[in-house]
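Asks: Predicted model, plus sequence, below.
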Amino acid sequence: MELEYRKIPYILNAIDFSYNKFEGEIPDIIGNLQGLYLLNLSNNFLNGHIPSSLANLKTLECLDLSRNVLLGKLPPELTTLTSVSSFNVSYNQLEGPIPRGNQFDTFESNQYEGNRGLCGVPLKKKCENFEASPQERSNIVEDDDAGCIFNENFWKWMIVLMGYGSGLIFGLAAGNLTQLKAIEIAASYTSLSIEIGYFGSSMERPKDLNLEKSRLQL
């Protein structure tokens, strides 16, 4: 099954792309989704640096980037996210000092574990002469209960697309879905084409997008 869903509305409140096969870097443009309170990109194959533009998501309460292959340092700008109560970057290839201040002073060591190059509180490793050690990506844990989780009460209106046949192309005519408030493509086997943008004025803009465990590839 192939789903072509080219525009993610800026008004989205929650995105769960966890447990897929996404590759490449997290785009800077994700910082334009300033209504987000939940962003879960865990258990993929995302690489590159964590974009500092995530600091623009001032309403964000939950950020889970764990179990990818992200590198470099944690952007110090993330300490301005004073609404974040759940944060996880474990099992990546991050390095350098962990930023301090605001909510970052409340996070525990298990939210950073599996990054051999990270140092500083709350980890035991001090930042003097730190060196990043090569490491392999941790195996995906399918039953991990930690991290950002969707509240099922959000799904008053949804679309569930299951991968039930090869070669089938599903076209989504977004302009005709006037009552759509949420989109769920969970536990399916699809390919996806997405870009951030606006929906037509003829439909109510969905606020939640769940692609959890859909095995998507970009």
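Replies: Looks like it arrived, so ask away.
Asks: Please parse the protein into its domains.
Replies: Following automatic domain parsing, the chain resolves into domains at 1-8+150-218, 19-147.
Asks: Would you single out the least confident of these?
Replies: Lowest mean pLDDT within these: domain 1-8+150-218, at a mean of 41.
Asks: As a check, name the ranges of all strands in the chain.
Replies: For the chain, the strands defined by DSSP state E occupy 2-9, 14-16, 23-25, 38-40, 45-49, 62-64, 69-72, 86-88, 93-97, 117-119, 169-171, 182-184, 191-197, 208-210.
Asks: for the third one, packing partners?
Replies: It stands for strand 23-25. Contact here means 3 or more C-beta pairs under 8 Å, 6 or more residues apart in numbering; DSSP states H and E; on that basis strand 23-25 packs against strand 45-49. Placement of C-beta: from N, CA and C, glycine included.
Asks: Tell me which strands the strand it packs on pairs with, and in which orientation.
Replies: strand 23-25 (parallel), strand 69-72 (parallel) (DSSP bridges).
Asks: can these go into TSV with extra columns for distance to I15 and mean neighbour count?
Replies: Below are those laid out as TSV (distance: least, C-beta to C-beta, whole Å; neighbours: other C-beta atoms under 10 Å):
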stretch	distance to I15	mean neighbour count
strand 23-25	16	12
strand 69-72	17	18
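Asks: Beta-bridge partners for the closest residue in space to E25 that isn't next to it in sequence, please?
Replies: Counting by C-beta to C-beta, 6 or more residues apart in numbering, G48 is the residue found nearest to E25 once chain neighbours are left out, at 3.3 Å. In this entry, G48 is beta-bridged to L70, by DSSP bridges.
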